[in-house]
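J.: all I have is the shape, not the residue letters:
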């Protein structure tokens, strides 16, 4: 039945966002997040995972900043970066295997082969990972950046290394700014 759905992965992506809204706004989740600092470096990993998703970015930033106040900022960055790259890999695999096909099909329907040729052009294939890297390094949610890198056909190893370094540096900077500001 699921195989016959049109744009099934785009729908799953949207449903995932809606589900995330409900999960983040539940009282149970709020209580768990307020206690996350007690979990030490495991909390940093979980904070890193939260840091990359649209509806949990703010929560991830709070968790990471709080942990950076009492723990080694360098280790919070390294472990939080590992959590962030874990979440990024899930998005990357999804974008690479499923979303790319649906995006290409949708572009072909909207703009014919013209938009598809633009997407597959060499300059854009080079530019997409660059834009994706900037988005991943920023404190903005990573979904768009990771999806751009996924459809650009960058190798998984390169993506993993790049995403880990970018997320770790971004989280480390946030921890340092949090130490200065708070």
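T.: Nice, I can see it. Because the structure is a prediction, the values reported are computed rather than measured.

J.: pLDDT averaged over the lengthiest helix in the chain - what is it?
T.: Scanning the chain for the helix with the most residues, using DSSP state H, yields helix 156-181. Taken as a whole, helix 156-181 has a mean pLDDT of 92.

J.: so which bits of it are buried?
T.: Across helix 156-181, burial judged by 16 or more other C-beta atoms under 10 Å covers 159, 162-164, 166-168, 170-172, 174-175, 178. From N, CA and C alone the C-beta is placed, and that goes for glycine too.

J.: and for stretch 53-72?
T.: 53, 55-57, 59-68, 71.

J.: where does the residue nearest the centre of the chain fall, phi/psi-wise?
T.: Residue closest to the average C-alpha location in the chain (C-alpha atoms, centre = their mean): residue 142, at 3.2 Å. Dihedral pair for residue 142: phi -90, psi -10, per degrees, to the nearest 10.

J.: one step back: quick one: the longest helix of the chain to chain centroid distance?
T.: 12 Å (C-alpha atoms, centre = their mean, to the nearest Å).

J.: give me the contacts around the helix or strand containing residue 136.
T.: For residue 136, the host element (DSSP states H and E) is helix 122-137. For helix 122-137, the surrounding residues in contact (C-beta atoms under 8 Å, 6 or more residues apart in numbering) are 52, 88, 118, 142, 144-149, 151-154, 162-163, 166-167, 169-170.

J.: tell me the helix or strand right after that helix.
T.: Immediately after helix 122-137, counting by DSSP H and E, sits helix 143-151.

J.: mean confidence for that following helix?
T.: On average, helix 143-151 scores 81.

J.: outside of it, which residues touch it?
T.: So helix 143-151 is contacted by 52-54, 88, 91-96, 99-100, 103, 119, 128-129, 131-136, 159, 162-163 (C-beta under 8 Å, 6+ apart).

J.: surely residue 87 is in contact with residue 47?
T.: No - using C-beta atoms under 8 Å as the test, residue 87 is too far from residue 47 to be in contact (11.0 Å).

J.: re earlier: okay, the angle between the helix holding residue 136 and helix 143-151?
T.: Angle of helix 122-137 versus helix 143-151, following axes from the mean of the first three to the mean of the last three C-alpha atoms, to 10 degrees, is 140 degrees.
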